[in-house]
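> From the sequence below, what's the structure:
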Amino acid sequence: ARRHLLAVDDTWERSKTKLQETLALADYSQTNKLGSAIGILVDINIAGRRADSDSVCMDKKEVLLQAAQTAAENAINTPGFICESLLSVTILSHDVNCINMQSTKSLSDIVKHLAHSESADSLPAECSQNLVKVLSKSLGAVYKMRTCDSGKTVAQDSIHSVSVGSLLTDMDSSMQLMLKKSSKDLITGQALHSTDEGSADAPTEFAFMVQKLVPTAADFVGTLASMSSSDAEISFDIPAAVRADSRVAGHSDVSVLFSAMKKSPVMGQGITISPIVTISLVGAMGDKITLDKLSEPIEIRIPISNDGLCSGEQSAYSGKGKCLYWDEINMKYSEAGCTTEQSESANFVTCKCTHLTSFVVENVPVAGRGTECSMCPAGQIQTLPCSDTVDRVCMDCPMGSYNDQAGREECLKCPAGKFSTNLATTSVSQCMNCTLNSNSVGGSSNCSCDFGYTKSGGDCVLSAAITRADLAQTSMVPSASNTLTVHVESNIVVPKGATVKISKLL
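Okay, the predicted model is just below:
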């Protein structure tokens with residue numbers, strides 16, 4: 001008889017228990033199968049609005065992806081298991097409305113772990129496709145988290161920015177390893193092309209190609225399918241001077257990865273108006289070819305559009321862009337090493353860059369638009385100014401400080417003898433006094449007990465101790481009243497003439 005993964009009357013809690021049992025038994029293949037089945041049911045419920053809201057759906061997908069991550073990290077990652085896991089997380093990430101930031105991190109970690117596995121030195125085409133699809137879904141989920149306020153994209157907090165930055169860095173690393181493994185079985189001149197199956201209602205989310213080239217070939221060029229019918233083609237052209245570079249010419253053959261993902265995340269103040277496009281090279285043995293400071297730039301043609309922009313950003317859209325690359329060291333987009341050539345059609349730009357990595361295009365606002373910036377409120381300070389498309393970025397005053405005035409550029413320290421454990425404090429009166437027998441320096445988030453006192457139950461209590469005792473008189477007269485003189489050193493200052501009572505002698 002065929003064994004069903006789930007019974008008709010299985011509740012979420014019962015399904016979750018079954019999933020945990022597969023992990024406890026180290027049956028990680030079953031974890032993937034069961035997780036996929038549960039994920040499909042969650043998607044059905046959210047689509048029909050029969051049971052789950054978006055927030056409940058997010059919570060459930062987070063549990064399922066954490067289980068998938070545990071399986072990926074503990075299983076023996078054979079090629080078969082890697083493909084099975086990638087298929088499972090592709091199913092789990094199907095609906096980006098159900099993917100929160102924690103789930104995005106799980107997706108990134110799963111892909112990174114599977115891509116870095118040394119148990120499989122090659123990947124079939126369908127596995128490579130699912131790997132790119134999962135990364136594309138992760139970026140799509142991050143894109144959906146953007147919110148608009150007063151016509152502008154609401155700036156990200158620092159935690160969100162760090163998470164997205166890590167995702168982009170991990171994406172580059174995983175794509176590099178995918179190139180190494182997916183090109184292993186290609187012969188020179190052969191190419192692997194793959195794309196998401198888009199439609200009029202749902203444009204293509206990603207496209208990529210892996211091709212094995214001969215360095216002496218006349219051209220190093222490649223083209224990806226358009227993301228939608230209105231988009232320009234995505235292409236690259238590596239000039240002869242780069243092909244003659246010793247870092248390239250020294251290889252018998254070279255494999256190139258060229259990919260595009262529809263949703264590029266916002267980082268910092270810039271508003272991206274293009275897919276995120278990645279290009280990288282590996283040699284015959286799969287070793288990464290690092291190219292930077294090239295004598296001639298590599299040209300990458302990237303489509304641009306105002307799809308998905310906030311209303312204020314739509315009016316600031318000019319049809320012109322600025323090419324940026326992902327700087328994983330400084331965790332930000334940067335234009336270093338890139339110049340931008342605009343197009344007359346205003347639907348693409350050509351990025352001319354002296355290095356290889358991931359690229360996006362930032363909107364160049366319509367000239368002459370005024371910028372009205374709101375001030376950061378009391379309790380916060382500005383960390384980045386506003387632009388024509390993005391509002392200023394504010395940060396809470398840290399513990400031990402306050403800001404009682406909107407628009408002030410720096411937080412003020414709580415005075416000495418006071419402290420604050422709260423963020424975004426708006427008045428010096430919210431800085432609390434240190435308790436008896438304790439003190440603090442300015443800008444403190446806690447108080448330290450005075451010398452000779454220790455913390456006990458929240459209070460600073462006297463904690464005197466004898467640190468040294470020397471006998472000054474040792475001769476004793478039997479059967480007489482004698483005085484024993486002892487020189488004592490303590491960890492506290494004893495005033496001259498004070499009487500010290502020693503309550504316990506050891």
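
> Counting by contacts, list what the longest helix seen in the chain packs against.
In the chain, with assignment by DSSP state H, the single longest helix is helix 158-182. With contacts taken as 3 or more CB pairs under 8 Å, 6 or more residues apart in numbering; DSSP states H and E, helix 158-182 sits against helix 101-116, helix 125-144, strand 254-261, strand 276-282, strand 321-327, strand 358-363. (Each C-beta comes from the backbone N, C-alpha and C, glycine too.)

> what mean pLDDT does the helix or strand that the fifth one is followed by have?
When you say that, I think you mean strand 321-327. Per DSSP states H and E, strand 321-327 leads on to strand 332-334 as the next helix or strand towards the C-terminus. For strand 332-334, the mean per-residue pLDDT is 86.

> now stretch 300-320
85.

> buried set for that stretch?
Buried residues in stretch 300-320, defined by neighbour count with 16 or more other CB atoms under 10 Å: 300-305, 309-310, 312-313, 316-320.

> Need the distance between the two termini of that stretch.
Using CA to CA, to the nearest Å, the end-to-end distance of stretch 300-320 comes to 15 Å.

> Next, count neighbours for P239.
P239 has 16 neighbouring residues, counting by other CB atoms under 10 Å.

> For it, give me its contacts.
Contacts of P239 were listed using CB atoms under 8 Å, 6 or more residues apart in numbering, and they are 220, 296-299.

> Got phi/psi on it?
phi -70, psi 170 (degrees, to the nearest 10).

> now it: how far from D172?
As judged by CB to CB, to the nearest Å, P239 and D172 stand 23 Å apart.

> what does stretch 243-255 contact?
Residues from elsewhere that reach stretch 243-255 (CB under 8 Å, 6+ apart): 179-180, 183, 186, 188, 210-217, 220, 242, 281-284, 289-291, 294-295.

> Can I get the buried part of the residues you listed as one PyMOL selection?
Applying 16+ other CB under 10 Å to these, the buried members can be selected in PyMOL as follows:
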select buried, resi 179+180+183+186+210+211+212+213+215+220+242+281+282+283+289+291+294
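
> hang on, T350 in a helix?
No - secondary structure assignment (DSSP: H, G, I helix; E, B strand; the rest coil) places T350 in strand, not in a helix.

> Quick check: beta-bridge partners of it?
R301, E341 (DSSP bridges).

> Spit out the contact partners of it.
Contacts of T350 by CB under 8 Å, 6+ apart are 299-302, 340-341, 343.

> burial of D170, as a residue count?
By other CB under 10 Å, 21 other residues sit near D170.

> My guess is L462 contacts D450. True?
No - using CB atoms under 8 Å, L462 makes no contact with D450, being 9.5 Å away.

> lowest confidence element among the helices and strands of this protein?
strand 466-471 (a mean of 64; mean pLDDT, DSSP states H and E).

> Relative to L41, which of the contacts of P239 is nearest.
Nearest to L41 among the contacts of P239: I298, at 46.4 Å, using CB to CB.

> contacting residues for that closest one?
236-239, 242, 279, 291, 352-354, 356.

> before we move on, the earlier item: in strands, which of the buried residues of stretch 300-320 fall?
300-303 (DSSP state E).

> quick one on the thing from earlier: out of the contacts of T350, which one sits closest to A378?
Checking the contacts of T350 against A378 by CB to CB gives T340 as the nearest, at 40.5 Å.

> can you give me the helices for this structure?
Counting by DSSP H, the chain has helices at residues 12-24, 28-48, 54-74, 79-92, 101-116, 125-144, 158-182, 240-243, 246-249, 311-316.

> distance of N437 from L462?
8 Å.

> Ok, L167 next?
54 Å.

> okay, the two: which has more neighbours?
Neighbours per residue, other CB under 10 Å: of L167 and L462, the larger number sits with L167, 24 against 12.

> Name the nearest residue to the more buried one, sequence neighbours excluded.
S108 (4.9 Å; CB to CB, 6 or more residues apart in numbering).

> Closest one to V162 out of the contacts of T350, please.
I302 (26.0 Å).

> pLDDT weak spots in the stretch 1-150 of the chain?
Along the stretch 1-150 of the chain, the parts satisfying pLDDT under 70 run over 1-10, 47-52.

> ok so, going back, pull up the overlap in contacts between N437 and L462.
What both N437 and L462 touch, as defined by CB under 8 Å, 6+ apart, is the set Y453.

> which of the residues in stretch 171-188 are buried?
171, 173-184, 186.

> Let's see stretch 93-100 as CSV, backbone CA atoms only.
This file holds the C-alpha atoms of stretch 93-100, laid out as CSV (Å, rounded to 0.1, in the frame of the first residue of the first chain):
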residue,chain,number,x,y,z
SER,A,93,9.8,29.6,-1.2
HIS,A,94,7.2,29.5,-3.9
ASP,A,95,5.1,32.3,-2.4
VAL,A,96,7.4,35.3,-1.5
ASN,A,97,4.5,36.8,0.6
CYS,A,98,5.2,34.0,3.1
ILE,A,99,8.9,34.6,3.4
ASN,A,100,10.1,36.9,6.2
